[in-house]
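> One predicted model, sequence on top.
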Amino acid sequence: MISIAFSIMNLAVNLLFLWLMFGWRVRKARGAFERELVLQGMRKEDAKRISAQYMKLKESLMGTLKTSLR
């Protein structure tokens, strides 16, 4: 019984860590993408609008993961 509880807790901690790292990496990639677009001559507002797709993709992936866990 103790090993089952430990395994579930370990899985929960790993999923939390994965969620935090995934969010951090998406924000970092989005910022780099925006900077590159601005360097290529695009307006900052347009670069933000295009890079918003990264966040939509992240939310879609996280929704799929949450659905599969239920």
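Happy to help now that I have it. Residues are numbered from 1 along each chain as shown.
> Any stretches of this structure with poor pLDDT?
Applying pLDDT under 70 to the chain picks out no residues at all.
> Now name the helix or strand holding the most centrally placed residue in the chain.
By Cα atoms, centre = their mean, the chain has its centre lying nearest to G23, at 3.4 Å. Remark: G23 resides in helix 2-39, with elements defined by DSSP states H and E.
> need the contact list for the nearest residue to the residue nearest to the centre of the chain once chain neighbours are set aside.
Spatial nearest neighbour of G23, chain neighbours left out: K58 (7.1 Å); criterion: Cβ to Cβ, 6 or more residues apart in numbering. For glycine as for every other residue, the C-beta is placed from the backbone atoms N, C-alpha and C. By Cβ atoms under 8 Å, 6 or more residues apart in numbering, the contact list for K58 reads 22-23, 26.
> same thing but at 10 Å, please
22-23, 25-27, 29-30 (Cβ atoms under 10 Å, 6 or more residues apart in numbering).
> quick one, what contacts R30?
Residues near R30 by Cβ under 10 Å, 6+ apart: 47-48, 50-55, 58.
> How about R25?
Taking Cβ under 10 Å, 6+ apart, one finds 54, 58 in contact with R25.
> Q40 now?
Contacts for Q40 (Cβ under 10 Å, 6+ apart) come out as A47.
> What of A29?
Contacts of A29 (Cβ under 10 Å, 6+ apart): 51, 54, 58.
> wait, V26 sits on L20?
No: distance between V26 and L20: 11.1 Å, which falls outside the contact criterion (Cβ atoms under 10 Å).
> Looking at the two, which is more packed in?
Using other Cβ atoms under 10 Å as the criterion, V26 and L20 rank with V26 on top: 17 against 10.
> what about the nearest residue to the more buried one once chain neighbours are set aside, which helix or strand?
Once flanking residues are discounted, V26 sits nearest to K58: 4.6 Å by Cβ to Cβ, 6+ apart. Element membership of K58, judged by DSSP H and E, is helix 44-69.
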